[in-house]
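> Turn this into a structure:
(one chain, ligands or ions: 1)
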Amino acid sequence: MSGNLPPYLRLGVNIDHVATIRNARGGEHPDPVRAAELAAAAGADGITAHLREDRRHIRDADIARLKDLVGLPLNLEMAATPEMLDIALRHRPHACCIVPERREEVTTEGGLDAAGLHNHLKPIVDRLRDAGIRVSLFINADTRQLEAAVSLGAPVVELHTGAYCDAAFARENAKRDAELARLANAAKEGAALGLEVHAGHGLTFDTVAPVAAMPELAELNIGHFLIGEAIFIGLEGSIRRMRAAMDEARGGATEGRAERA
Ligand code: PXP
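As a prediction, this is how the structure comes out:
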């Protein structure tokens with residue numbers, strides 16, 4: 001690290017909603033792999049995709065294509081189920097992020113209860129880690145959940161930024177600031193516990209800066225807004241603008257850009 005700049009903040013681009021549009025007509029267009037290639041050209045450091053139980057986003061066949069055809073590490077989001085564990089072990093993506101999943105939800109509405117589900121999660125985390133896959137847990141910004149990640153042996157946590165983004169969107173400023181403070185504390189606490197800390201969910205051009213400025217964060221994962229904004233300014237434009245907003249919030253830190261772990 002040079003001077004007092006925080007380390008480079010990686011951007012994982014979630015391409016789920018390219019698949020959502022494709023699936024609306026059941027065909028092959030638009031292809032999430034093509035979106036991932038564009039994301040790589042626009043400065044993404046990784047590709048994220050969620051294989052849901054109901055396959056509303058990517059499909060099974062997309063995983064191998066994303067892994068083999070795109071020159072970026074793949075972060076597979078998955079529920080902690082035997083089916084998803086099998087799929088992850090078969091494909092061995094660079095990383096797996098374990099998320100809670102309820103069939104009827106519109107999106108991943110809250111963090112994983114890593115503390116309450118310890119005994120269920122332990123063998124899954126162990127098997128993924130033993131296969132050389134970087135495991136992260138998508139949790140709320142909460143000390144109990146951070147400690148659970150440590151006791152489960154997960155090296156990475158991703159903090160759910162949805163409550164902060166919802167409050168910002170609703171202009172509930174006191175709540176927004178309280179959620180930001182919670183995220184900042186959890187980022188510090190997680191780093192002090194030896195965890196690599198990521199964040200994501202609901203981030204936009206308007207909400208990304210204060211999160212990107214948290215020096216302990218190593219990676220943001222952003223999807224829905226980038227794909228939506230692509231309708232207006234193109235996918236490369238939307239990713240480049242997000243990348244620039246992150247770099248600016250980070251004080252221009254670019255050291256470690258090539259480190260894609
Ligand atoms: N991180 C995780 C773990 C997620 O589940 C999601 C949504 O799939 C995101 C980040 C991205 O959220 P959004 O699509 O709202 O940017």
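> show me where the stretch 151-261 of the chain has helices.
Secondary structure of the stretch 151-261 of the chain by DSSP state H, counting those that start in this stretch: the helices cover 162-169, 173-192, 208-212, 224-233, 235-249.
> would JSON lines of those helices with mean neighbour count and mean pLDDT be doable?
C-beta coordinates here come from the backbone N, C-alpha and C atoms, glycine included. Rendered in JSON lines, the data for those read as follows (neighbours: other Cβ atoms under 10 Å; pLDDT from 0 to 100):
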{"stretch": "helix 162-169", "mean neighbour count": "20", "mean pLDDT": "98"}
{"stretch": "helix 173-192", "mean neighbour count": "17", "mean pLDDT": "98"}
{"stretch": "helix 208-212", "mean neighbour count": "20", "mean pLDDT": "98"}
{"stretch": "helix 224-233", "mean neighbour count": "16", "mean pLDDT": "98"}
{"stretch": "helix 235-249", "mean neighbour count": "18", "mean pLDDT": "97"}
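> And the next helix or strand past whichever strand or helix holds Thr48?
Using DSSP states H and E, the element containing Thr48 is strand 46-50. Downstream of strand 46-50, the first helix or strand assigned by DSSP H and E is helix 60-69.
> Buried ones in that following helix, by neighbour count?
Residues of helix 60-69 classed as buried: 62-63, 66-67 (neighbour count, 16 or more other Cβ atoms under 10 Å).
> Repeat that for stretch 123-138.
124-125, 128-129, 133-138.
> Spatially central residue in the chain, please.
Closest to where the C-alpha atoms of the chain average out (Cα atoms, centre = their mean) is Asn221, at 3.3 Å.
> so what's that residue scoring on pLDDT?
Note for Asn221: predicted pLDDT of 98.
> pLDDT weak spots in the stretch 51-200 of the chain?
103-105 (pLDDT under 70).
> wait, isn't Ala249 in contact with Phe205?
No: in this structure Ala249 lies outside contact range of Phe205 using Cβ atoms under 8 Å: 11.1 Å.
> before we move on, the earlier item: of the helices of the stretch 151-261 of the chain, which is nearest the ligand?
Minimum separation from the ligand across those (Cβ to the nearest ligand atom) falls at helix 224-233, 3.5 Å.
> ok and the closest one relative to helix 235-249, angle-wise?
On the basis of axes from the mean of the first three to the mean of the last three Cα atoms, to 10 degrees, helix 224-233 is oriented at 120 degrees to helix 235-249.
> So helix 224-233, near the ligand or not?
Yes: applying Cβ under 6 Å from any ligand atom, one finds helix 224-233 touching the ligand at 224-225.
> related to what we said a few turns ago, check contacts around the residue nearest to the residue nearest to the centre of the chain when sequence neighbours are not counted.
Leaving aside its chain neighbours, Asn221 sits nearest to Gly200 (3.6 Å; criterion: Cβ to Cβ, 6 or more residues apart in numbering). With contact taken as Cβ atoms under 8 Å, 6 or more residues apart in numbering, Gly200 is in contact with 12, 14, 158-161, 220-222.
> Okay then, goodbye and thanks.
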